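*Asks:* Here is my input, please return the structure:
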Amino acid sequence: MNLSAPPRKRVTTGLLPMINVVFLLLIFFLIAGEMQRPEPFDITPPEIAEAQEAEGVFSLFLDPEGQLAYRDLITSFETRQAILSAIDTERRAGCDGDLCDTVLLIHADKNTPAHFVAQLLPHLGALGFEQINLVTSGLAPSKGERP
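*Replies:* This is a model prediction of the structure:
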């Protein structure tokens, strides 16, 4: 009768389960993270004392020289009709019956002349945007300063 202990099997843990976990975490963070398009050019927004979160699906960028950008399309201010047409097409495509997103965000540099923004507003209103927000940078007031 053989009473010796049975030989131990060598337990090997493969890398496959760890690779699966890392892959699942990668997918989780890709889905959970907020994807944003990079800004087409560097702008410095105007500063205000109190900030409120700007929300909107459509973002139009305007630099001090008058260049306009929407998604991947960049044009001069004089040829703005191409961008306005692209915004209108995308807004109409996103309509659900009579419900359309009517909010547009303008990301204008703080050194952009006001007449550029003023000339855009009637065109954007004609496209059906009921609310146009100028994106700014909020600053907290100093301790001894009142807002």
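
*Asks:* Can I take it that residue 106 is in a strand?
*Replies:* Yes: per DSSP: H, G, I helix; E, B strand; the rest coil, residue 106 lies within a strand segment.

*Asks:* My guess is it contacts residue 56. True?
*Replies:* No: at 9.6 Å, residue 106 and residue 56 do not qualify as touching, with contact defined as Cβ atoms under 8 Å. C-beta here means a position set from N, CA and C on the backbone, and glycine is covered the same way.

*Asks:* Point me to the residue sitting closest to the centre of the chain.
*Replies:* residue 36 (4.1 Å; Cα atoms, centre = their mean).

*Asks:* quick one: it from residue 59, how far?
*Replies:* Residue 36 sits 10 Å away from residue 59, going by Cβ to Cβ, to the nearest Å.

*Asks:* Show me what stretch 55-70 is in contact with.
*Replies:* With Cβ atoms under 8 Å, 6 or more residues apart in numbering as the test, stretch 55-70 has contacts from 39-41, 43, 74-78, 80, 83, 86-87, 90-91, 94, 101, 103-109, 111-113, 116-117, 120, 124, 129, 131, 133, 135.

*Asks:* mind checking the end-to-end distance for it?
*Replies:* Terminal residues of stretch 55-70 lie 16 Å apart, using Cα to Cα, to the nearest Å.

*Asks:* what do you get for stretch 92-110?
*Replies:* End-to-end distance for stretch 92-110, by Cα to Cα: 30 Å.

*Asks:* Residue 106 and residue 56: which is more packed in?
*Replies:* The residue with more neighbours, out of residue 106 and residue 56, is residue 106; 23 against 17, by other Cβ atoms under 10 Å.

*Asks:* and the more buried one, what does it touch?
*Replies:* Residue 106 neighbours (Cβ under 8 Å, 6+ apart): 60, 61, 62, 117, 120, 132, 133, 134, 135.

*Asks:* Tabulate these (a markdown table), appending distance to residue 25 and neighbour count.
*Replies:* What follows is the contacts of residue 106, written out as a markdown table (distance: Cβ to Cβ, whole Å; neighbours: other Cβ atoms under 10 Å):
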| residue | distance to residue 25 | neighbour count |
| --- | --- | --- |
| 60 | 36 | 24 |
| 61 | 34 | 21 |
| 62 | 39 | 23 |
| 117 | 44 | 16 |
| 120 | 44 | 21 |
| 132 | 40 | 18 |
| 133 | 36 | 16 |
| 134 | 39 | 14 |
| 135 | 33 | 17 |
